[in-house]
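S.K.: No letters, just coordinates:
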């Protein structure tokens with residue numbers, strides 16, 4: 001019987017052929033095991049008829065280049081170069097908070113307002129310094145006229161000029177203080193004109209998303225206390241703590257793969273942008289960081305990931321993953337020992353990479369292994385034991 005003789009049967013139906021029912025023959029028994037007598041029963045050996053053997057794909061075990069994959073637990077974090085903490089420049093009481101966590105904000109957008117007696121006092125000090133400066137300037141101008149009229153001496157005029165210079169320095173110092181307190185130049189100008197205000201605002205310094213809000217309306221805050229944290233999430237970092245034994249595998253600039261269980265094990269390629277120069281003495285690990293583009297915001301800070309780092313290449317015997325049959329928590333492959341005769345051979349294998357698994361023991365280069373149809377062949381083996 002040939003494949004053409006099987007009519008509408010397809011290779012995908014080989015399981016049914018190995019089992020009891022053949023295609024188009026409802027009550028026919030498929031010849032899953034040979035009736036030839038055997039000296040002793042071997043539960044790990046299966047005999048099949050030639051027409052069924054033709055459905056199997058058999059290939060020799062070959063040597064090939066293999067790179068083991070080191071899986072390092074990782075975490076998605078914000079890009080710290082695209083993060084800003086915002087707080088007040090003065091001690092004050094929060095009167096309004098206009099942004100909430102998760103809100104997208106633009107640079108310069110007002111996020112909070114505060115009322116500050118410190119700010120009012122600084123503006124008042126500037127106003128007084130400007131008034132004293134005006135008086136000192138008038139005195140110096142009058143002193144110049146009196147000196148020219150020989151009414152006062154040079155020493156008196158110099159005293160008035162020095163006082164003017166001191167008053168000018170005080171005005172500049174108070175203006176600088178207001179700038180440090182976050183008052184814009186236009187606000188300082190209003191202070192000059194007597195338009196003082198105790199209110200100040202906290203504005204976004206970057207475009208991004210509010211990821212933390214620590215203040216509350218009515219709370220008194222100091223300049224060192226952050227009120228908002230903003231992050232640009234269009235790019236994120238993935239941080240991994242690589243065991244020191246594998247640390248030689250990671251170098252800045254190398255490309256690695258990031259596997260994300262929360263995204264249905266999606267794998268994203270990224271580039272290592274930084275590797276720590278020291279080993280953490282507490283964990284015996286070396287920190288490494290990967291930068292990833294995140295235009296659709298699917299990667300969220302705090303999300304768990306796995307960094308897949310390729311080991312140095314080596315030549316080993318390889319078998320396709322589809323050749324492996326899992327039984328009783330052990331790995332097996334079917335080796336053809338003679339035409340129509342296959343033995344289920346236990347093997348020790350390494351981790352899969354690109355559909356191949358490295359052979360540690362069990363089979364040798366050149367052994368004929370079933371690489372397609374092993375599952376159905378195992379079913380035939382089990383039926384033959386019944």
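M.R.: Noted; the coordinates are in hand. Keep in mind it's a predicted model, so treat the numbers as computed, not measured. Numbers count the residues shown, from 1 in each chain.

S.K.: Stretch 101-113: which residues count as buried?
M.R.: Along stretch 101-113, these residues count as buried under the neighbour rule (16 or more other Cβ atoms under 10 Å): 103, 105, 111, 112, 113. (Each C-beta comes from the backbone N, C-alpha and C, glycine too.)

S.K.: Off-centre distance for it?
M.R.: Its chain's C-alpha centre and that of stretch 101-113 lie 25 Å apart, by Cα atoms, centre = their mean, to the nearest Å.

S.K.: can you give me the end-to-end distance of it?
M.R.: End-to-end distance of stretch 101-113 (Cα to Cα, to the nearest Å): 17 Å.

S.K.: One more: stretch 349-357?
M.R.: Distance across stretch 349-357, first residue to last, is 6 Å (Cα to Cα).

S.K.: what does that stretch rub up against?
M.R.: Stretch 349-357 has contacts (Cβ atoms under 8 Å, 6 or more residues apart in numbering) with 64, 66-69, 316, 318-322, 324, 331, 358-360.

S.K.: Quickly list the domain ranges of this structure.
M.R.: The chain is divided into the following domains under automatic domain parsing: 31-66+315-384, 70-79+233-312, 117-192.

S.K.: picking that back up, give me the lowest-pLDDT entry from the contacts of stretch 349-357.
M.R.: Taking those together, the minimum pLDDT is found at residue 68 (77).

S.K.: give the contact list for that one.
M.R.: If you count contacts by Cβ under 8 Å, 6+ apart, residue 68 has them with 310, 311, 350, 351, 353, 358.

S.K.: again, but for residue 226
M.R.: By Cβ under 8 Å, 6+ apart, the residues touching residue 226 are 85, 86, 87, 212, 214.

S.K.: Go again with 7 Å.
M.R.: Contact analysis of residue 226 by Cβ atoms under 7 Å, 6 or more residues apart in numbering lists 85, 86, 87, 214.

S.K.: quick one: which of these is nearest residue 147?
M.R.: Distance to residue 147, by Cβ to Cβ, is smallest for residue 87 among the contacts of residue 226, at 52.4 Å.

S.K.: Does residue 71 touch residue 305 like I think?
M.R.: No - at 10.3 Å, residue 71 does not count as touching residue 305 under the criterion of Cβ atoms under 7 Å.

S.K.: Pick out whichever of those two has more residues nearby.
M.R.: The neighbour comparison of residue 71 against residue 305 (other Cβ atoms under 10 Å) goes to residue 305, with 25 against 12.

S.K.: do you know how far that one is from residue 243?
M.R.: Noted for residue 305: a distance of 17 Å to residue 243, by Cβ to Cβ, to the nearest Å.

S.K.: Can you show me the helices along the chain?
M.R.: 14-18, 50-53, 117-148, 154-180, 185-192, 374-384 (DSSP state H).

S.K.: Take the ones you listed and write them to a markdown table, including mean neighbour count.
M.R.: Putting those into a markdown table (neighbours: other Cβ atoms under 10 Å) gives the following:
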| stretch | mean neighbour count |
| --- | --- |
| helix 14-18 | 19 |
| helix 50-53 | 16 |
| helix 117-148 | 16 |
| helix 154-180 | 15 |
| helix 185-192 | 15 |
| helix 374-384 | 19 |
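
S.K.: and residue 283, what does it touch?
M.R.: residue 241.

S.K.: gap between it and residue 229?
M.R.: 26 Å.

S.K.: same thing with residue 340?
M.R.: Distance of residue 340 to residue 229, given as Cβ to Cβ: 70 Å.

S.K.: cool, residue 306 as well?
M.R.: Distance, residue 306 to residue 229, by Cβ to Cβ: 27 Å.

S.K.: Then residue 318?
M.R.: Residue 318 sits 49 Å away from residue 229, going by Cβ to Cβ.

S.K.: between those two, which one's more packed in?
M.R.: Between residue 318 and residue 229, counting by other Cβ under 10 Å, residue 318 is the more crowded of the two (23 against 19).

S.K.: OK, contacts around that one?
M.R.: Applying Cβ under 7 Å, 6+ apart to residue 318 gives the contacts 62, 64, 66, 356, 357, 358, 359.

S.K.: my read: residue 313 touches residue 65, true?
M.R.: Yes - the criterion here is Cβ under 7 Å, and residue 313 meets it with residue 65 at 4.9 Å.

S.K.: Let me know the closest of the contacts of residue 318 to residue 278.
M.R.: Relative to residue 278, the closest of those is residue 66; by Cβ to Cβ it sits at 31.9 Å.

S.K.: count of residues packed around the closest one?
M.R.: 21.

S.K.: Surely it touches residue 360?
M.R.: No - checked against Cβ under 7 Å, the pair residue 66 and residue 360 is beyond contact range at 11.2 Å.

S.K.: any idea how far residue 211 is from the residue lying closest to residue 111 once chain neighbours are set aside?
M.R.: Leaving out its chain neighbours, the residue that sits closest to residue 111 by Cβ to Cβ, 6 or more residues apart in numbering is residue 99, at 4.4 Å. Distance from residue 99 to residue 211, counting by Cβ to Cβ: 11 Å.

S.K.: more neighbours, the two?
M.R.: Neighbours per residue (other Cβ under 10 Å) separate residue 99 from residue 211, with residue 99 holding more: 21 against 17.
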